[in-house]
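Trainee: Please work out how this folds:
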Amino acid sequence: TVGSDTKAGLMSPKNMLTTTITDELRLATNFKSKVIGISLKDRGSILPAGHSANAAYWYDGQTGDWITSTHYMKKLPSWLEDHNKMKLANKFFDKNWNTLYPIETYTQSTADNVPYEGKARGEETPTFPHPLKLYIGKNYDMIKSTPYGNTITLDLAKLAILSENLGQGSSTDFLAVSCSATDYVGHQYGPNSVEIEDTYLRLDKDLEEFFNYLDTKIGKGNYLFFLSADHGAAHVSTFMEDNKLPGGLYSDSKVVKTINTLIEEKYHVKKAIVTSRNSQFYFDHDAIKAANADFTAIKNLAIETLKKEDEIFDAVDLNNLANETIPEQIKKAITYGYNAKRSGDVYYILKSNYFGGGKTGTTHGSWNPYDAHIPCVFMGWNVKPGKTNKTHYMTDIAATLAAMLHIQMPSGCVGEPITELTHQ
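Mentor: Purely as a prediction, here's the structure:
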């Protein structure tokens, strides 16, 4: 860790197997381009900034400081050390969190006090105003679950532009910013809450200020801005139930025990399923081989058992995906996410708006449009006003940037340029 004495900085892009668009930019300019990543989350900063970034900074919730790791540097730059001394989280905690506008104008939300929203530490109800003063000087991590988390992220982005002279050299620079507070707030309160509506209203203001800064510092037309997201979110299950819509919660812990018992009885392999993660079952290959058991038959037993679960739409053998009778769109998404050395053996697909979680808040991780439909906005340099209803994918963003910058696509890129933007 560089910038604190905690373990929060023990992170790097080591486990990322390919180059990124930022790596390719560095390669194309013989490493003259500057690349910096900034996010509350380590992964939100590290992964888009790539392997060869000049810096990636993320927030240490234990200390209230922005930190990095020795992958990038041995010491924080002086401008960031000075910035950390101000402990800006306390400034925002002192304001508490009330709505930006009168709460009665928040017409896209449910009532403020509903049982399926998560309460913050020290609160009796999940309602406005949220008493952030409770956290001054002692719980810096809480700023992540407020819209102020986005504010301090974009404030640091502006400071990085100024301090590192981004956009002032002869080569294109890249600033990768992830506004992660929307994720934390969405998980805790759900997508229909007053809290998430207020978070986006405040983010809109923060982005306006950020664009004004870019216009002044870099100049209109001299920067290319793009905005997207890594996922959407399911509606909270109780919200769906209250409105007579399909959805619910699911835990696979019971079915894992059931399947393991069946496998042990029939094939004499104990605890054949080692773990379940991201809707995937990982089997103990060594134990199955040692028992001379039929692995294909074991997987088929697991799949047939899963299909009997009310909440499950389907289950497939990841090593035989090409022959599975599931919709092509889902099959393609699973294929793109598959890694022979890291993925599981059996994958199950939940019914619409079912997810693994608790009685409050929500999560993500499905193929469904409410989860997979994300924004894609480009603005600025060489971008003409327009819109399209054609389907494009997250993977198309890097390919589009590569085309616009006339550089190579990342080494694992499976997307295609968005020609409505490249005009070619």
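Trainee: hey, let's count contacts and neighbours off CA atoms from now on
Mentor: Will do.
Trainee: can you give me the strands in the chain?
Mentor: Taking DSSP state E, the strands of the chain run over residues 35-39, 55-60, 65-67, 174-178, 224-227, 248-249, 273-277, 280-283, 312-317, 346-350, 354-355, 377-380.
Trainee: what comes into contact with stretch 392-407?
Mentor: Counting by CA atoms under 8 Å, 6 or more residues apart in numbering, stretch 392-407 makes contact with 20-21, 24-25, 28, 228, 230, 408-410, 413-419, 421-422, all of which sit outside it.
Trainee: Now do the buried residues in that stretch.
Mentor: Burial within stretch 392-407, assessed by neighbour count using 16 or more other CA atoms under 10 Å, is assigned to 392, 394, 396-404, 407.
Trainee: so Tyr59 makes contact with Ser45?
Mentor: No. Taking CA atoms under 8 Å as the definition, Tyr59 is not a contact partner of Ser45, at 9.7 Å.
Trainee: what residues are shared contacts of the two?
Mentor: What both Tyr59 and Ser45 touch, as defined by CA under 8 Å, 6+ apart, is the set Ser39.
Trainee: Now do stretch 104-114: distance to the chain's middle.
Mentor: The chain centroid and the centroid of stretch 104-114 are separated by 26 Å under CA atoms, centre = their mean, to the nearest Å.
Trainee: Sorry, wrong one. I was asking about stretch 57-77.
Mentor: 20 Å.
Trainee: Now it: buried residues?
Mentor: Buried-residue list, stretch 57-77, by 16+ other CA under 10 Å: 57-69, 71-72, 76.
Trainee: can you check stretch 249-265 too?
Mentor: Applying 16+ other CA under 10 Å to stretch 249-265 flags 249-250, 252, 256, 259-263 as buried.
Trainee: Closest to Lys7 out of the residues you listed?
Mentor: Asp252 (31.4 Å; CA to CA).
Trainee: do you know how far that closest one is from Gly356?
Mentor: Counting by CA to CA, to the nearest Å, the separation of Asp252 from Gly356 is 8 Å.
Trainee: Ok, Lys133 next?
Mentor: 33 Å.
Trainee: which outside residues touch the helix or strand of the chain with the lowest mean pLDDT?
Mentor: Scoring the helices and strands of the chain by mean pLDDT, DSSP states H and E places helix 419-422 at the bottom, with a mean of 87. Applying CA under 8 Å, 6+ apart, the contact partners of helix 419-422 are 383-384, 388, 400, 403-404.
Trainee: Go through these and name the one nearest Lys289.
Mentor: Thr400 (45.8 Å).
Trainee: what's the closest non-adjacent residue to Lys359?
Mentor: Tyr116 (6.1 Å; CA to CA, 6 or more residues apart in numbering).
Trainee: residues contacting the one you found?
Mentor: Here Tyr116 is in contact with 189, 236, 238-239, 359-361 (criterion: CA under 8 Å, 6+ apart).
Trainee: again, only using 10 Å
Mentor: With contact taken as CA atoms under 10 Å, 6 or more residues apart in numbering, Tyr116 is in contact with 126, 188-190, 193, 236-239, 358-362.
Trainee: what does Gly167 give?
Mentor: 33-34, 161, 173-175, 214, 217-219, 222-223.
Trainee: backbone phi and psi for it, please?
Mentor: The phi/psi pair for Gly167 (degrees, to the nearest 10) reads phi 80, psi 10.
Trainee: Quickly note the distance from it to Lys220.
Mentor: Distance from Gly167 to Lys220, by CA to CA: 12 Å.
Trainee: Are there residues contacting both of the two? Which ones?
Mentor: Contacts common to Gly167 and Lys220, judged by CA under 10 Å, 6+ apart, are Leu214.
Trainee: Can you give me the neighbour number for the nearest residue to Gln280 once chain neighbours are set aside?
Mentor: Closest residue in space to Gln280, ignoring its immediate chain neighbours: Tyr347 at 4.5 Å, by CA to CA, 6+ apart. Other residues near Tyr347 come to 22 when the count uses other CA atoms under 10 Å.
Trainee: and Tyr347, bridged to which residues?
Mentor: Gln280, Val316 (DSSP bridges).
Trainee: so what's it up against?
Mentor: Tyr347 touches 276-282, 303, 306, 314-318, 321, 334, counting by CA under 10 Å, 6+ apart.
Trainee: tell me the contacts of Phe378?
Mentor: So Phe378 contacts 224-228, 384-387, 397, 421 (CA under 10 Å, 6+ apart).
Trainee: Emit the PyMOL select command for whichever of these are buried.
Mentor: Remark: buried members of the contacts of Phe378, expressed as a PyMOL selection using 16+ other CA under 10 Å:
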select buried, resi 225+397+421
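Trainee: Closest one of the contacts of Phe378 to Leu10?
Mentor: Closest to Leu10, out of all of the contacts of Phe378 and judged by CA to CA, is Ser228, at 27.1 Å.
Trainee: my guess is that closest one meets Ile374, correct?
Mentor: Yes. With contact defined as CA atoms under 10 Å, Ser228 reaches Ile374; the gap is 6.5 Å.
Trainee: the domain parsing of the protein - what is it?
Mentor: The chain is divided into the following domains under automatic domain parsing: 21-219, 248-355.
Trainee: for stretch 296-312, which positions count as buried?
Mentor: 298-299, 302-303, 305-307, 311-312.
Trainee: related to what we said a few turns ago, and the residue nearest to Gln280, how close does it get to Glu123?
Mentor: 39 Å.
Trainee: Could you do Asp345 as well?
Mentor: 42 Å.
Trainee: try Arg26
Mentor: Distance from Arg26 to Glu123, by CA to CA: 47 Å.
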